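A.B. asks: Predicted model and sequence below, questions to follow.
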Amino acid sequence: MSATAELKSSGLEGMIAGKTAICAVNQTSLIYRGYEIADLAENATFEEVAFLLLVGHKPSESELKAFSKELASQRAIPGAVIDYLRTAGPWLKSGSAVPMDVLRTAVSMLGNMDPNSQAVSPEADLEKAKTLTAQIPTIIGHMQNVIDGREIVKPDESLSHAANLLYMITGEKPSDEHARVIDVSLILYAEHDYNASTFSSRVIAATLSDIHGAVTGAIAALKGPLHGGANEAAMEMLREIRSDIGKDNDPKKIQDWMHQAFADKRKLMGFGHRVYKNGDHRAGILHKLGRQLAEKATDDSLAWFELGEEVQKIMETEKNIYPNVDFPCGLTYFTMGIPVPQYTPIFVAARITGWAAHIIEQHANNRLIRPIAEYVGPELKKWNDG
Ligand code: SDX
């Protein structure tokens, strides 16, 4: 095998690492337990998709009512975690910690306080998955309240999962349209088969470690800008372009900026994908919804979308590289006024359902995941040979 091919294979590219009944990701479709992503984005709510992923089937009306009520009733987090979020305030302000780090620690702390923390049965996993799904938006909201120096906004059980997430971040009840766009973004982000963070969670679960530990590891993996961190990095890249070329979105200046990035061999954030080579099925869905919001906005949100569309056009025509879901997500969340450092934590608020579904599936029929490596180090030698 050539050196380049070996390098690519070191990312396990194209290698089947196991079986799952949860999700299928391929060039022609993205399917969650038999349902195609565009169908779910159009016709389902996040609560319905969370139930589908965690329990395994489309919920009946009564199942959905009970599930939604159960999630809403479990949104509050322990005082000790709120105290930690307040302690983390200065670290978040100084930049020594970013929201993804603080969210990771808070989830780990929740495990310390769960009486059932050590149990790894699928039943115990499901109960803890529902609690984490309910509590992660609260951690995000309270963390943002601390960063903003405002009173903690308590969860509102009367709001949907998506609306409550926005409410807790901003302190204002969102419009139905904003709540729906966030709801769809959570559906799009919920699950994606053996992506890096999900695979990390399965490797941890396969040692028979607990769900809080597996999710803590998955959050660490998702943070990286090559993975979930790309939604923040994509918006920061657009801000960099805007600061370099000004607000007029001059196509020639944008093209010059992109050509310099190509010359510098920069990875353009929010573009490309290990599996999708002709585009990410989720990107167009979110772009359309986000652009509709931007067209109605009174600020320059539409100009940001038009800048993004120019960047996308150059990537597609000159590099044949397409946007992944993180590119339209950055623009959409920016249009909604969500602070950039909370974009990837919101990804966690969705992906907790996919991670937990995989952890449950792994624990239900487990075998330790342990591949081998090809040794390319020094030849055998004696320690006392000098
Ligand atoms: C997510 O796996 C999942 O399912 C993840 C995810 C999920 O839902 O869980 O979909 C979420 O993580 C989406 C991806 C978010 N990451 C980014 O947007 C970061 C920028 N993207 C790249 O770093 C890259 O596209 C990856 C990491 C996403 C995928 O990279 P691969 O498969 O390892 O491909 P590669 O880096 O080997 O690139 C192949 C070629 C290279 O050119 P050559 O060196 O062969 O000339 O394409 C180029 C790359 O330079 N390329 C890019 C590019 N992505 C690939 N060039 C510029 N900008 C990019 N973004």
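C.D. replies: Great, that's in hand. Numbering: from 1, shown residues only.
A.B. asks: okay, now the domains of this protein?
C.D. replies: 30-224+340-364, 230-335 (automatic domain parsing).
A.B. asks: Out of the ones you listed, which is the most enclosed?
C.D. replies: For those, the largest average neighbour count (mean count of other C-beta atoms under 10 Å) is found in domain 30-224+340-364, namely a mean of 20. Just so you know, the C-beta spots here come from the backbone N, C-alpha and C atoms, and that holds for glycine as well.
A.B. asks: out of everything not next to it in sequence, what's closest to residue 174?
C.D. replies: residue 166 (4.1 Å; C-beta to C-beta, 6 or more residues apart in numbering).
A.B. asks: That neighbour falls within a helix, correct?
C.D. replies: Yes. Counting by DSSP: H, G, I helix; E, B strand; the rest coil, residue 166 is located in a helix.
A.B. asks: My guess is it contacts residue 178. True?
C.D. replies: Yes. The pair residue 166 / residue 178 is scored as a contact, 6.1 Å apart, by C-beta atoms under 8 Å.
A.B. asks: Now do the shared contacts for the two.
C.D. replies: Residues within reach of residue 166 and of residue 178 at once, by C-beta atoms under 8 Å, 6 or more residues apart in numbering, are residue 336.
A.B. asks: who touches the residue in the chain positioned nearest to the ligand in this structure?
C.D. replies: Ranked by C-beta to the nearest ligand atom, the top residue of the chain for proximity to the ligand is residue 272, at 2.2 Å. Each residue near residue 272 by C-beta under 8 Å, 6+ apart is listed here: 321-322, 324.
A.B. asks: which of those lies closest to residue 16?
C.D. replies: Nearest to residue 16, judged by C-beta to C-beta, of those is residue 324 at 21.5 Å.
A.B. asks: picking up where we left off before, within reach of the ligand, which of the contacts of residue 272 are there?
C.D. replies: 321, 324 (C-beta under 6 Å from any ligand atom).
A.B. asks: Tell me the one of the contacts of residue 272 nearest residue 88?
C.D. replies: Looking across the contacts of residue 272 and measuring by C-beta to C-beta, the closest to residue 88 is residue 324, at 29.8 Å.
A.B. asks: Wait, that closest one touches residue 277, no?
C.D. replies: No. Using C-beta under 8 Å as the test, residue 324 is too far from residue 277 to be in contact (11.2 Å).
A.B. asks: What is the longest helix seen in the chain packed up against?
C.D. replies: In the chain, assigned by DSSP state H, the helix with the most residues is helix 122-147. Applying 3 or more C-beta pairs under 8 Å, 6 or more residues apart in numbering; DSSP states H and E, one finds that helix 122-147 contacts helix 46-55, helix 61-73, helix 79-87, helix 89-94, helix 99-113, helix 161-170, helix 211-223, helix 343-364.
A.B. asks: among those helices, which is nearest residue 372?
C.D. replies: Among the helices and strands packed on helix 122-147, helix 343-364 sits nearest to residue 372 (C-beta to C-beta), with 20.0 Å.
A.B. asks: Could you check the angle the closest one makes with helix 122-147?
C.D. replies: Our comparison of helix 343-364 with helix 122-147, counting by axes from the mean of the first three to the mean of the last three C-alpha atoms, to 10 degrees, yields an angle of 170 degrees.
A.B. asks: so helix 343-364 versus helix 161-170, what angle?
C.D. replies: 140 degrees.
A.B. asks: what about helix 343-364 and the ligand, any contact?
C.D. replies: No. Figure legend: helix 343-364 not in contact with the ligand (C-beta under 6 Å from any ligand atom); closest approach 7.1 Å.
A.B. asks: Summarise which helices and strands that helix is packed against.
C.D. replies: By 3+ C-beta pairs under 8 Å, 6+ apart, helix 343-364 packs against helix 46-55, helix 99-113, helix 122-147, helix 176-189, helix 196-205, helix 211-223, helix 230-245, helix 326-335.
A.B. asks: Kindly reformat these as TSV containing mean pLDDT and distance to residue 265.
C.D. replies: Shown next, in TSV, are the helices and strands packed on helix 343-364 (pLDDT from 0 to 100; distance: least, C-beta to C-beta, whole Å):
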stretch	mean pLDDT	distance to residue 265
helix 46-55	99	38
helix 99-113	98	26
helix 122-147	98	34
helix 176-189	98	29
helix 196-205	98	22
helix 211-223	98	23
helix 230-245	98	15
helix 326-335	98	19
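A.B. asks: how about these in CSV, adding distance to residue 290?
C.D. replies: Output for the helices and strands packed on helix 343-364, formatted as CSV (distance: least, C-beta to C-beta, whole Å):
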stretch, distance to residue 290
helix 46-55, 17
helix 99-113, 21
helix 122-147, 20
helix 176-189, 7
helix 196-205, 23
helix 211-223, 21
helix 230-245, 12
helix 326-335, 3
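A.B. asks: where does the chain have low pLDDT?
C.D. replies: Flagging of the chain using pLDDT under 70 yields the residue ranges 1-9.
A.B. asks: need the residues of it near the ligand, please.
C.D. replies: 11, 192, 195, 226-228, 230, 267-274, 321, 324, 326.
A.B. asks: Let me see the contact set for the residue nearest the centre of the chain.
C.D. replies: Geometric centre of the chain, nearest residue: residue 347, 2.7 Å, by C-alpha atoms, centre = their mean. Going by C-beta under 8 Å, 6+ apart, residue 347 touches 189, 222, 228, 231, 329.
A.B. asks: switch the cut-off to 10 Å
C.D. replies: 100, 185-186, 188-190, 197, 219, 222-223, 227-232, 325-326, 329 (C-beta atoms under 10 Å, 6 or more residues apart in numbering).
A.B. asks: can you check residue 176 too?
C.D. replies: 160, 163.
A.B. asks: So it versus residue 299, what's the distance?
C.D. replies: Distance of residue 176 to residue 299, computed by C-beta to C-beta, to the nearest Å: 20 Å.
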